[in-house]
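J.: sharing a model prediction with you, sequence too.
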Amino acid sequence: MKQVIQNLKGGEVSVVDVPVPSIAPGQVLVKNMASLVSVGTERALLEFAQKNLLSKALERPDLVRQVVEKAKSDGMLSAFDSAKGRLSQPIALGYSSAGYVVEASGSASIFKPGDRVACAGSGYASHAEFITVPENLIVKIPGEMKFEEAAYVTLGAIALQGLRLSKVELGDSIAVIGLGLVGQIVCQLAKTSGCIAYGIDPDVSRTELAKRLGCENVFTSEKAIEDYVNQTSSLGGVDHVIVCAASSNNRSVELAGRLARHKGDVVVVGDVGMNIPRRTYYEKELNFIVSRSYGPGRYDPLYEEKGIDYPPAYVRWTENRNMEAFLDLIQRQGMDVESLTTHSFDIEDAHEAYSIVTGDSNGHSLAVLLTYPDCSQTTRKTVFRDEVKRSASTRTVIPAVGLIGAGKFAHSVLLPTIKKSGKVDWRGVCTQTGLSAARTADKYGFAYCTTEEDDLYKDESINTIIIATRHNLHAGQVVAALESGKNVFCEKPLALNEDELLKVMSCHQQSSDQILMVGFNRRFSTMGIRMKAFFEDISEPLMITYRINGGYFPREHWTQDRNSGGGRIIGEICHFVDFMTFVLGEKPVSVQAHSLSDGHLYNGDNVSITIEFGDGSVGNIVYVANGDESFEKERIEIFGGGQVAVINGFRRLDLIAKGKRKTYKSSWRTDKGHASEWKAFTNALQSTHEQPIPIADIVTTTLTTFMIEESLRIGRKVDVGYPVFLENIPALRGSGDTE
């Protein structure tokens, strides 16, 4: 299928061929028939992308601070690689479209194939032939409304929300600053609501259009509108001012203050400077409100992604209900959006549309529509790169990789690390979105990209599956890969509960000649290996303290969701349990955990964990989310046999014994073992055929994280229960992998 993307580094817009996206629970697959290019919003994005690095940095100092902090904690090269990776990511353009339903996930969906629908949401309602959209971001199109009209749904909801926040009443006066697309719609909504509308924009063509659509009071200069309002208003100003302009300066907010009456409302919808002039707003006691896009529910993952609606009795107007209301206004002929369309292009000619948007072509643009061929064919979920259609028999490189999932970690760490090794044949990549799959295939040279996992499992030319998806998918994908005869490299965690772990281990025992690797990379770090060797001649138990300054993650982040991320104990603390297991060469036997009573802010992320190991050693993990992120992330201290070893951020290792200190440093880049981890995996495939991490270590580490959560739940020490777990897998009992 065709999709419009933008290169964030240079700003180029292109139409690419990508696989049709796969549908996730709670989503609907839609065949787009029309999508709206929002000239103001998308032009701003294009202009930002076309700026040089210095200009980008000046405009987004928040991102610069993130790079600086990463450089402090992980080294300059790590920070550079991370920033470079983000700039190389293409952006899916578009956020308002209309088409018809091809498929809905689940029988309970209110949408059925063939339904005519309008869609909203950046990252969802993109300029693409096929899109997948969560149900709360879709509404049915009423009557025989044209797709080209329904494609305005997102902009209409934005305009409606801005107007609702001002709490307009019949007969009120409203000044609209900025007569771009949203401003034009607000003016029409004001008229429909029985209000008196005033509009201002320096572009004469836009004021003339607003006048043709019913806004009789239009102006091109600030002085003209101020003089008119002062002469005609008996209240000393208008009741409400809606700021729809887009400008980095403060003039719109200043003008809004001068136009509003005492105790009036100023609602900001557009992206403008908001340095509020205190004297004006104080003397008039104005209400200043910033509108949050389409309405209640916006940016709430529970609403948008999981479909949990707000009760109408308590939240009358959500973003979905605003979308419905706007389409209803068009249907009842209260709104004219067709007159707002200045240009229309086929998806194949999208580059011409954006040439107009950025001003590279002559002519004024307001709303630009993209249209799509009326074809319901969705079977093309795999796209081959022409130059690499090779047969399996001609390849000798091991491993031959199929990748499932290509998110932030895969692109910033995993794939660059594997690429540097040189020992890989990139075969197929599968992601839920076609764009992500196509981008990854192009960047790393995969033979094909797809949105169907089965394509990789059934591909006989693939001998290794790398899994880098969200945590809740890992166990099922590992089982499917093993059952298809593949070796597996799975990013942590392996499973989110004991049932999943049992299924994986049972399956692995049926495929004992295959390598199963979990991404516990720290045990492969150079400093970690030296630390372990430093204590090899010590026979007494050791005391280990591992402190992690994990940083704050909001509760709505997917990793905090028990059903998708599993929480930070299962999803991240597994790393530190595994490292202790590696250094000691012993299994955890019991755990006791405590957490701060931190209310709802940290989601139980501040924990202290004590782990007892089989030889009597004790490990203490202190994981905090309430620290300063500029401080070093990880520190490991080991004491025993009159010796001390300390790792600071995997950039410095101190080994102290008999009054002497030996120090190893890495100033430019952290070494957390990712490269050595992959090397160990490929060596196992090519020569040793032994598990790079003993299966027993993988099982006990995973079980320990489950028991940490259980200890927190019941408030006391808990046995890890490895022998009991083993009893459920007879094939594991007594095997070389586990003892």
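T.: Okay, I see it.

J.: wait, Asn626 touches Val607, no?
T.: No. Here Asn626 does not reach Val607: they are 11.2 Å apart, not a contact under Cβ atoms under 8 Å. Bear in mind the C-beta positions are built from the backbone N, C-alpha and C, glycine included.

J.: show me the shaky parts of the stretch 201-350 of the chain.
T.: Residue ranges of the stretch 201-350 of the chain with pLDDT under 70: none are present.

J.: actually the stretch 351-500 of the chain, not the one I wrote
T.: 360-363, 376-381, 385-397.

J.: so where do the strands sit in it?
T.: Secondary structure of the stretch 351-500 of the chain (DSSP state E, counting those that start in this stretch): strands located at 367-371, 382-384, 400-404, 425-430, 448-450, 464-467, 487-490.

J.: which residues touch the third one?
T.: I take that to be strand 400-404. With contact meaning Cβ atoms under 8 Å, 6 or more residues apart in numbering, strand 400-404 is reached by 392, 410, 415, 418, 424-431, 440, 446, 453, 456-457, 459, 461-469, 477, 486.

J.: who touches both of Asn626 and Val607?
T.: Common neighbours of Asn626 and Val607 (Cβ under 8 Å, 6+ apart) are Leu596.

J.: those two: who's more crowded?
T.: Val607 (24 against 14; other Cβ atoms under 10 Å).

J.: need the pLDDT of the closest residue in space to the more buried one that isn't next to it in sequence.
T.: Nearest residue to Val607 in three dimensions, chain neighbours excluded: Ser595, at 4.6 Å (Cβ to Cβ, 6 or more residues apart in numbering). On the pLDDT scale, Ser595 is placed at 93.

J.: repeat for the one 4 residues further on
T.: pLDDT for Gly599: 65.

J.: how about Arg652?
T.: Looking at Arg652, its pLDDT stands at 94.

J.: ok, it - contacts?
T.: 646, 663-666.

J.: just grab the bridge partners of it for me.
T.: Asn648, Lys665 (DSSP bridges).

J.: against Lys660, how distant is it?
T.: The gap separating Arg652 from Lys660 is 17 Å, by Cβ to Cβ, to the nearest Å.

J.: secondary structure class for the residue located most distally from the centre of the chain?
T.: Centroid-distance maximum for the chain: Gln231 at 51.4 Å, with Cα atoms, centre = their mean. What DSSP: H, G, I helix; E, B strand; the rest coil gives for Gln231 is helix.

J.: how far away is it from Ile225?
T.: 11 Å.

J.: check Phe524 too.
T.: In terms of Cβ to Cβ, Phe524 sits 67 Å off from Ile225.

J.: contact partners for the residue nearest to Thr382 when sequence neighbours are not counted?
T.: Nearest residue to Thr382, sequence neighbours excluded (Cβ to Cβ, 6+ apart): Thr450, at 4.1 Å. With contact set as Cβ under 8 Å, 6+ apart, Thr450 has these partners: 19, 381-383, 428-430, 437, 456.

J.: how about 10 Å then?
T.: 19-20, 22, 380-384, 402, 404, 428-431, 434, 437-438, 441, 456, 459 (Cβ atoms under 10 Å, 6 or more residues apart in numbering).

J.: longest helix anywhere in this protein?
T.: helix 695-714 (DSSP state H).

J.: now do the contacts for Ile466.
T.: With Cβ under 10 Å, 6+ apart, Ile466 has these contacts: 399, 401-406, 410, 414-415, 418, 424, 429, 456, 481, 486-491, 517, 519, 678, 681.

J.: what's across from it in the sheet?
T.: Residues in a beta bridge with Ile466, per DSSP bridges, are Leu403, Phe489.

J.: and Asn217, bridged to which residues?
T.: Tyr198.

J.: now swap in Tyr623 and tell me
T.: Taking DSSP bridges as the rule, Tyr623 bridges to Ile548, Val607.

J.: now the strands of the stretch 351-500 of the chain as a markdown table including distance to Gly99?
T.: Formatted as a markdown table, the strands of the stretch 351-500 of the chain follow (distance: least, Cβ to Cβ, whole Å):
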| stretch | distance to Gly99 |
| --- | --- |
| strand 367-371 | 11 |
| strand 382-384 | 21 |
| strand 400-404 | 28 |
| strand 425-430 | 24 |
| strand 448-450 | 23 |
| strand 464-467 | 32 |
| strand 487-490 | 36 |
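
J.: which one, of those, ends up nearest to Ser511?
T.: Smallest distance to Ser511 across those (Cβ to Cβ): 9.2 Å, for strand 487-490.

J.: so which other helices or strands are in contact with the closest one?
T.: strand 400-404, strand 464-467, helix 471-483, helix 498-509, strand 516-518, helix 674-683 (3 or more Cβ pairs under 10 Å, 6 or more residues apart in numbering; DSSP states H and E).

J.: if we use 7 Å, what do you get?
T.: Contact partners of strand 487-490 among helices and strands, from 3 or more Cβ pairs under 7 Å, 6 or more residues apart in numbering; DSSP states H and E: strand 464-467, helix 471-483, strand 516-518.
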